[in-house]
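Chemist: got a predicted structure here, sequence first:
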Amino acid sequence: MRPPAEADILAPSFPGLARWVNVATLRMDKQLGRPVLVEFWDFCRVNSLRTIPYLQAWHERYADAGLRVVGIHASGFEASNDVDAVRAAVERLGITYPVLIDAELKAAESYGIEGWPSRYLWDKGSRLFDVHFGEGAYAETELAIQELLEIEREPVAPIRPEDEPGILLPAQSADQPGAYSGPYEAGGVWAVLSGSGTVRANGHEIAVTHPGCYPLIEHPHHTAGVLELDVPDGVRCEAVCFTPGIVPPPPLDAL
């Protein structure tokens, strides 16, 4: 989404004395002359996990052309609030672009983010050029990057069917706090887990070895179901989350 033409929004500075991964340190005022893509994320939020492959692909595609990709990790869960856990997650998820660990949420406050992920594209003069909240709009963001870099190429192909540009998705169930069991409608079910042990979701076992957001159930399309989640001693569940799915195909007798 482009900001209003009359808007002249300058990029906030990165917090001083911030801890970084994959780079010694960065200053926003030293990025003048290059576009900068900033995304706020949390490794315990499934919506953030689903955008990381696109951020990584843009970093690999456009870094040599001048794009700077910066991930700002702003925790929304206790399980993702540990600095060492963030560093481990960055390595586990294969992230190679710079990541600022916003443990005190100073960057999140300066940006005024309202959710995860929040994506901001700044032009070569550090002025806001494009913004998007939540999943999606991947092609739009990449085309905006190309516009700033004066490059034309085919955008990264959609990773999931629900990432197709312009697709309309049924609303999934709202996220639930704690170890939720009950009815839902979604394309997938995830849980924010920490500790060590094995949880059971509808009879399937999921080993918990590190804090993070774990997939419990994946459907090929939007599906109504009932979750039966068993969390043993030694494992903590902070939330159960739901991801969107495409509209199911019509029954054969309707064709």
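Modeler: Alright, I've got the coordinates.
Chemist: any idea how far Glu218 lies from Phe242?
Modeler: 11 Å (C-beta to C-beta, to the nearest Å). (Glycine included, C-beta is placed from N, CA and C.)
Chemist: hey, what's in contact with both of those two?
Modeler: Gly187, Gly188, Val189 (C-beta atoms under 8 Å, 6 or more residues apart in numbering).
Chemist: include pLDDT when you put the residues you listed into a markdown table, please.
Modeler: Compiled in a markdown table, the shared contacts of Glu218 and Phe242 are given as follows (pLDDT from 0 to 100):
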| residue | pLDDT |
| --- | --- |
| Gly187 | 97 |
| Gly188 | 98 |
| Val189 | 98 |
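Chemist: looking at the residues you listed, which is nearest Val226?
Modeler: Set against Val226, the nearest of the shared contacts of Glu218 and Phe242 by C-beta to C-beta is Val189 (10.5 Å).
Chemist: my guess is that closest one contacts Val240. True?
Modeler: Yes: shown here, Val189 and Val240 form a contact pair, counting by C-beta atoms under 8 Å, at 6.7 Å.
Chemist: now the shared contacts of Glu218 and Phe242 in JSON lines, with distance to Asp163?
Modeler: Formatted as JSON lines, those follow (distance: C-beta to C-beta, whole Å):
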{"residue": "Gly187", "distance to Asp163": "12"}
{"residue": "Gly188", "distance to Asp163": "13"}
{"residue": "Val189", "distance to Asp163": "19"}
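Chemist: show me these that map onto strands.
Modeler: Judged by DSSP state E, the subset of the shared contacts of Glu218 and Phe242 located in strands is Gly187, Gly188, Val189.
Chemist: Arg50: which element?
Modeler: Here Arg50, judged by DSSP states H and E, is contained in helix 46-62.
Chemist: gap between Glu39 and Asp82?
Modeler: 21 Å.
Chemist: now do Leu143
Modeler: Leu143 is 37 Å from Asp82, by C-beta to C-beta.
Chemist: these two: who's more crowded?
Modeler: Higher neighbour count among Leu143 and Asp82: Asp82, with 16 against 13, using other C-beta atoms under 10 Å.
Chemist: OK, contacts around the nearest residue to the more buried one once chain neighbours are set aside?
Modeler: Distance criterion C-beta to C-beta, 6 or more residues apart in numbering; nearest residue to Asp82, sequence neighbours excluded, is Pro211 at 7.4 Å. Taking C-beta under 8 Å, 6+ apart as the contact definition, Pro211 lies against Cys44, Ala79, Ser80, Asp82, Ala85, Leu193, Ser194, Gly195.
Chemist: just give the nearest non-adjacent residue to the residue most central in space within the chain, would you?
Modeler: Nearest to the mean C-alpha position of the chain, counting by C-alpha atoms, centre = their mean, stands Ser48 at 1.5 Å. Leaving aside its chain neighbours, Ser48 sits nearest to Trp41 (3.8 Å; criterion: C-beta to C-beta, 6+ apart).
Chemist: re earlier: mind checking which of the contacts of Pro211 land in strands?
Modeler: Using DSSP E, these in strands are Leu193, Ser194, Gly195.
Chemist: ok, now which ones touch the last one?
Modeler: Taking C-beta under 8 Å, 6+ apart as the contact definition, Gly195 lies against Val208, Pro211, Gly234, Val235, Arg236.
Chemist: the second one too?
Modeler: Applying C-beta under 8 Å, 6+ apart, one finds that Ser194 lies in contact with Glu78, Ala79, Val208, His210, Pro211, Gly212, Val235, Arg236, Glu238.
Chemist: same thing but at 6 Å, please
Modeler: Ala79, Pro211, Arg236 (C-beta atoms under 6 Å, 6 or more residues apart in numbering).
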